[in-house]
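Q: Let me see the structure of the following:
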Amino acid sequence: MDFRSDNTCPPAPEVLARLQNSLAVGESAYAEDEVTAATKARLSRIFEREVDYFPVFTGTAANALAIAQLAGSFGEVVCSESSHIFADECGAVEFHAQARLRPISGNMGKLVPESLPPLTDSGDVHRGRPTVLSLSQSTETGLAYRPEEIVSLTQKARAAGVRVHMDGTRFANALAFTGATPAELSWQAGVDVLCLGATKGGAIGAEAVIFFSPEDAREFRRMMKRSGHLGARMWFLSAQISAWLEDDFWLRSARHGNTMAALLDRLLRAKGIRPLYPVEANMVFVEMSAGQSVRLSEMGFLHYLAEQPDGRIAVRVVTSHATLETEVEALADAIRKCLATSARRPA
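A: The predicted structure is shown next:
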């Protein structure tokens, strides 16, 4: 059973079924097609304002290009030390934006106002100047920012003239947990650009870069072209995103993933096992040794083992639209056995 991530399961059948009609006919190339225009209109309705929307192939490209659009010359991008753009995207932001990432610690992987460095330009020519604040929603520790938490961060950014990027690869999971509207969790809270992830929610592979002010999106398609991310059949990506959004499937899919993670949390706590972080999205972290992790894999449960922001080692398991209750029950029992077996071994 594969709990490594929500991009290791098959695409959602609901998305695949809706793609058939869209893929039966051709469209104009390079994101100048009717499917992309219709998807933009749908996103504008969902976010309750006119947006500029661009489909891209990967989350890494979405984040890097969106930040490059906002960063400007000599920019520093303030982000969490556990953020995907810093820990897992191979310097893509630096490559595309020619900006420096400035990772900072927070509270269990979540940025808080008191953890932010000074955001105003010091005027020191020996140093970069903060130009972008990047937030992950949900965070790499599975926590979700509430609207008021985002506002507390973006107010500091805006006071200093710093723009705000949101890595929303699991934005839908945060919506499902908080009960907020897409607008409340993005532009109304001060976010300038959102990279909305569909791939981990059930699409084959498609991400949406959403600018909440058309002025911010000027020349973005040219940037996509120069970086090799303006493909011919961009409507294939827009068709996936549109299918993912249709009939609120994106939110239902996220709720299911969250529900499965919450079930695992309850089952583990019933066995006296406390996950490292509150379970708010679709990720659960359990402190384990490398040996215990190997044992769990040998029992047939794939996962990742990684050092956490506080230095502890934990397995991370991720649920998805495809996760079954029986799989979660089996995983909880396997984790209990791994921990109990280790505890009985002589020193």
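
Q: residue boundaries of the helices in the stretch 51-200 of the chain?
A: Assigned by DSSP state H, counting those that start in this stretch, the helices in the stretch 51-200 of the chain fall at 59-71, 84-87, 92-97, 147-159, 171-178.

Q: So what's the gap between the third one and the chain middle?
A: Centroid displacement of helix 92-97 relative to its chain, using C-alpha atoms, centre = their mean, to the nearest Å, is 18 Å.

Q: Break the protein down into its domains, please.
A: As given by automatic domain parsing, the domain ranges for the chain are 13-247, 249-344.

Q: tell me the most buried of those?
A: Ranked by mean neighbour count, the domains of the chain are led by domain 13-247 with a mean of 20 (mean count of other C-beta atoms under 10 Å). To be clear about C-beta, it is placed using only N, CA and C from the backbone, and glycine gets the same treatment.

Q: before we move on, the earlier item: and of the domains of the chain, who's closest to Asn7?
A: Minimum separation from Asn7 across these (C-beta to C-beta) falls at domain 13-247, 5.0 Å.

Q: What's the end-to-end length of the closest one?
A: Separation of the first and last residues of domain 13-247 by C-alpha to C-alpha, to the nearest Å is 14 Å.

Q: how about the helices of the stretch 51-200 of the chain in TSV, adding distance to Ser122?
A: Shown next, in TSV, are the helices of the stretch 51-200 of the chain (distance: least, C-beta to C-beta, whole Å):
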stretch	distance to Ser122
helix 59-71	17
helix 84-87	22
helix 92-97	20
helix 147-159	15
helix 171-178	33
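
Q: got CSV for those, with mean pLDDT and distance to Val279 too?
A: Shown next, in CSV, are those (pLDDT from 0 to 100; distance: least, C-beta to C-beta, whole Å):
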stretch, mean pLDDT, distance to Val279
helix 59-71, 96, 22
helix 84-87, 94, 19
helix 92-97, 92, 29
helix 147-159, 97, 17
helix 171-178, 98, 9
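
Q: closest to Val191 out of these?
A: So among the helices of the stretch 51-200 of the chain, helix 147-159 is nearest, using C-beta to C-beta, at 6.8 Å.

Q: So what's the gap between the closest one and the chain middle?
A: 19 Å.

Q: How about stretch 331-339?
A: Taking C-alpha atoms, centre = their mean, the mean C-alpha location of stretch 331-339 is offset from the chain mean by 28 Å.

Q: what about it, average pLDDT?
A: Stretch 331-339 shows a mean pLDDT of 96.

Q: Run through who's touching that stretch.
A: Contact with stretch 331-339 is made by 1, 3, 264, 267-268, 271, 273, 286, 288, 292, 295-296, 299-301, 315, 317, as judged by C-beta atoms under 8 Å, 6 or more residues apart in numbering.

Q: Mind jotting down where the strands sit in the stretch 51-200 of the chain?
A: 52-56, 75-80, 100-104, 129-136, 163-168, 193-197 (DSSP state E, counting those that start in this stretch).

Q: Can you check which of the ones you listed gets nearest to Glu114?
A: Per C-beta to C-beta, nearest to Glu114 of the strands of the stretch 51-200 of the chain: strand 100-104, 10.7 Å.

Q: in its sheet, what does that closest one sit against?
A: Counting by DSSP bridges, the strands paired with strand 100-104 are strand 75-80 (parallel).

Q: What angle do strand 163-168 and the partner strand make with each other?
A: Per axes from the mean of the first three to the mean of the last three C-alpha atoms, to 10 degrees, the angle that strand 75-80 makes with strand 163-168 is 40 degrees.

Q: Export strand 75-80 to CSV, keeping only CA atoms.
A: Taking Å, rounded to 0.1, in the frame of the first residue of the first chain, the C-alpha atoms of strand 75-80 are listed here in CSV:
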residue,chain,number,x,y,z
GLY,A,75,15.2,40.0,-4.4
GLU,A,76,15.1,37.8,-1.4
VAL,A,77,12.3,35.3,-1.0
VAL,A,78,11.4,34.7,2.7
CYS,A,79,10.1,31.2,3.2
SER,A,80,9.8,28.4,5.8
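
Q: about what we covered before: any chance of the domains of the chain in JSON lines, plus distance to Asn7?
A: JSON lines is the format used below for those (distance: least, C-beta to C-beta, whole Å):
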{"stretch": "domain 13-247", "distance to Asn7": "5"}
{"stretch": "domain 249-344", "distance to Asn7": "8"}
